[in-house]
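Asker: give me coordinates for this.
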Amino acid sequence: MKILMLGWELPPHNSGGLGVACLNLSRALAKDGAEIDFVVPYEATHEDITFMRVLSASHLDPLFRYGIGAYDTKYIEDLIIPDVRIPDAISQDQISIRHIQKTYCDFVEKYLMEYRPDLVHAHDWLTFEAGVLAKKNFGIPLVAHVHATEFDRAGGNGGNPLVHEIEYEGLTLADKILAVSESTKRIIEEKYGIPGEKIDVVYNSLDETFLNSVYSLDSEEYLYLRQLKSAGFTIVSTVGRFTIQKGLSHLLRAAAKAVRKNPKLLFVFAGDGEERNELVARAAELGISKNVIFTGFIRGKQLRDIYELSDVFVMSSISEPFGLTALEAAHHGDVLILTKQSGVSEVIRSSLKYDFWDENKLANAILSVANSPALRETLKDGIRAEYQKISWGDVAQKCLNAYNNIKHKRV
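Answerer: You can find the predicted model right below:
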């Protein structure tokens, strides 16, 4: 089966879990015989990816993507651009996400004039317009894969009307929708009025690179945290973009409550984003600056060092469609404390769960794990057994089943 895969990022040029999920899914599909052309919006060779063709829709530097608000949709405007492609004379500080999306659509249209895939698999709103173009103009079946909705990114309410419109059109015209959790499926049904029978739930799995983790063991983060662990500190970490969706202000307030009862707690906030300065100031206001580390954006070996030295991983998201970082932390033996509003909590039942707003319950959960080694080991054993049951091979099979069902319906 020939698949045109539409995604916004692939490692190492990724800012979060979307690119990781796309890479692992594509690899698993290729192992099952799928022929994949994957279109990214930037220019990169991806020479290490040999199981599929990676095609560049523009000549933009991949790092430039981080500065154009791809995941901060409140700044996105519906620009009407006569020349669909990025004009040669425009400066990079004038390029918007809409310029790039229109250029992306133009590339996909030219591709489809030459090649005819069996179907198009589009990931999230960023590529839905290109997927709709393929469906409308070329009659190619469309699979819409939802890793997050605009309701998630906006923290549960509101959001960008333009993005809602793009999501609605993509979901309405798709032949099949894949949702990364039951909670995501419910949002699609309730907010967009899509029939449930059109939506398959396909949970993510652990990034294959974490199965054979390599540590730096000499990073500043590793040496400092190791020193504190030797002094009896319990390390509590969280990883992700610093946006309203992640509920990090709630986590900080819970941390302050916990530190008052146990000063030997250290909280590691790994990541970056629009709320960084606000969170740093909030930690100072709460009087816990000495108990909180902001590492900035990290990846690879440094990130694995954080997971390896952490005792507890907290996912405090207000709305998290899945949450791959929780599986990464589980692989490194961390106890998981997850909001009930996260998709990963549907598959890791041995985690401790709370509502994102319940700061007292979160603080008590952190203290319980820190104060009870026996509880910690029991939870770790249960979590490890559960996350090892899911695989990208299973995910690929569910996708192939969806593809084949579409094919049979159209015959």
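
Asker: from now on I want contacts and neighbour counts done on CA atoms only, so please keep to that.
Answerer: Will do.

Asker: low pLDDT regions in this protein?
Answerer: Counting by pLDDT under 70, the ranges of the chain that qualify are 63-72, 74-75, 77-94, 156-157, 209-219, 221, 410-411.

Asker: any idea how it splits into domains?
Answerer: Annotated domains of the chain cover 2-205+391-410, 209-387 [automatic domain parsing].

Asker: quick one: the longest one to chain centroid distance?
Answerer: What that stands for is domain 2-205+391-410. Computed by C-alpha atoms, centre = their mean, to the nearest Å, the chain-centroid distance of domain 2-205+391-410 equals 13 Å.

Asker: going forward, count from 592.
Answerer: Renumbered: residue one is now 592, and that last one reads domain 593-796+982-1001.

Asker: export the domains of the chain to CSV and tack on mean neighbour count?
Answerer: Below are the domains of the chain laid out as CSV (neighbours: other C-alpha atoms under 10 Å):
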stretch, mean neighbour count
domain 593-796+982-1001, 18
domain 800-978, 19
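
Asker: for residue 594, which three-state class applies?
Answerer: strand (DSSP: H, G, I helix; E, B strand; the rest coil).

Asker: which residues in the stretch 842-991 of the chain form strands?
Answerer: Remark: strands assigned in the stretch 842-991 of the chain by DSSP state E, counting those that start in this stretch are 856-861, 883-887, 903-906, 926-930, 943-945.

Asker: swap in the stretch 692-841 of the chain?
Answerer: Secondary structure of the stretch 692-841 of the chain (DSSP E, counting those that start in this stretch): strands at 710-714, 733-737, 767-770, 790-792, 825-830.

Asker: how about these, which one is nearest residue 887?
Answerer: Minimum separation from residue 887 across these (C-alpha to C-alpha) falls at strand 825-830, 9.9 Å.

Asker: so which elements touch that closest one?
Answerer: Under the contact criterion of 3 or more C-alpha pairs under 8 Å, 6 or more residues apart in numbering; DSSP states H and E, strand 825-830 touches strand 856-861, helix 891-900, strand 903-906.

Asker: contacts for the last one?
Answerer: Applying C-alpha atoms under 8 Å, 6 or more residues apart in numbering, the external contacts of strand 903-906 come out as 825-830, 837, 898, 914, 917, 920, 925-930, 933, 957, 960.

Asker: given that strand, what are its sheet partners and their directions?
Answerer: Paired strands of strand 903-906, with direction, are strand 825-830 (parallel), strand 926-930 (parallel) (DSSP bridges).

Asker: could you redo the strands of the stretch 692-841 of the chain as CSV and give each row distance to residue 848?
Answerer: Converted to CSV, these look like this (distance: least, C-alpha to C-alpha, whole Å):
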stretch, distance to residue 848
strand 710-714, 39
strand 733-737, 36
strand 767-770, 36
strand 790-792, 37
strand 825-830, 14
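
Asker: do you know which of those strands lies nearest residue 814?
Answerer: Smallest distance to residue 814 across the strands of the stretch 692-841 of the chain (C-alpha to C-alpha): 13.2 Å, for strand 825-830.

Asker: that closest one versus strand 883-887: what angle between them?
Answerer: 40 degrees (axes from the mean of the first three to the mean of the last three C-alpha atoms, to 10 degrees).

Asker: which other residues reach strand 825-830?
Answerer: With C-alpha under 8 Å, 6+ apart as the criterion, strand 825-830 contacts 816, 820, 855-862, 897-898, 900-906, 916, 961.

Asker: repeat that for stretch 616-631.
Answerer: Contacts for stretch 616-631 (C-alpha under 8 Å, 6+ apart): 592-601, 642-648, 983-984, 986-988, 991.

Asker: span of that stretch from start to end?
Answerer: Stretch 616-631 has its terminal residues 15 Å apart, counting by C-alpha to C-alpha, to the nearest Å.

Asker: of all the strands of the stretch 692-841 of the chain, which lies closest to residue 977?
Answerer: Between residue 977 and the strands of the stretch 692-841 of the chain, the shortest separation by C-alpha to C-alpha is 17.8 Å, and it involves strand 790-792.

Asker: by contact count, what packs against that closest one?
Answerer: Against strand 790-792 (3+ C-alpha pairs under 8 Å, 6+ apart) you get strand 767-770, helix 773-783.

Asker: got a markdown table for the ones you listed, with distance to residue 970 too?
Answerer: As requested, these are exported to a markdown table (distance: least, C-alpha to C-alpha, whole Å):
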| stretch | distance to residue 970 |
| --- | --- |
| strand 767-770 | 28 |
| helix 773-783 | 24 |
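
Asker: so which of the ones you listed gets nearest residue 713?
Answerer: Comparing these by C-alpha to C-alpha, strand 767-770 comes nearest, at 9.8 Å.

Asker: just the C-alphas of the closest one, formatted as PDB.
Answerer: The C-alpha trace of strand 767-770 is given here as PDB (Å, rounded to 0.1, in the frame of the first residue of the first chain):
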ATOM      1  CA  LYS A 767     -11.600   7.600   8.900                       C
ATOM      2  CA  ILE A 768     -10.500   9.400  12.000                       C
ATOM      3  CA  LEU A 769      -7.800   8.000  14.300                       C
ATOM      4  CA  ALA A 770      -7.800   9.400  17.900                       C
END
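
Asker: mind listing the strands that strand pairs with, and their directions?
Answerer: Here, using DSSP bridges, strand 767-770 pairs with strand 733-737 (parallel), strand 790-792 (parallel).

Asker: I'd like to know which of those is closest to residue 939.
Answerer: Using C-alpha to C-alpha, the strands paired with strand 767-770 put strand 790-792 closest to residue 939, at 15.6 Å.

Asker: got a list of contacts for that closest one?
Answerer: With C-alpha under 8 Å, 6+ apart as the criterion, strand 790-792 contacts 767-773, 776.

Asker: ok, stretch 995-1002 next?
Answerer: Under the contact criterion C-alpha under 8 Å, 6+ apart, stretch 995-1002 has outside partners 732, 766-767.

Asker: which one of those is nearest residue 798?
Answerer: Taking C-alpha to C-alpha as the measure, residue 767 is the one of those closest to residue 798, at 24.6 Å.

Asker: got the contact list for that closest one?
Answerer: With C-alpha under 8 Å, 6+ apart, residue 767 has these contacts: 733-735, 789-791, 993, 997.

Asker: which pair in the residues you listed spans the largest distance?
Answerer: Spanning the widest gap among the contacts of residue 767 are 733 and 791, at 14.0 Å by C-alpha to C-alpha.
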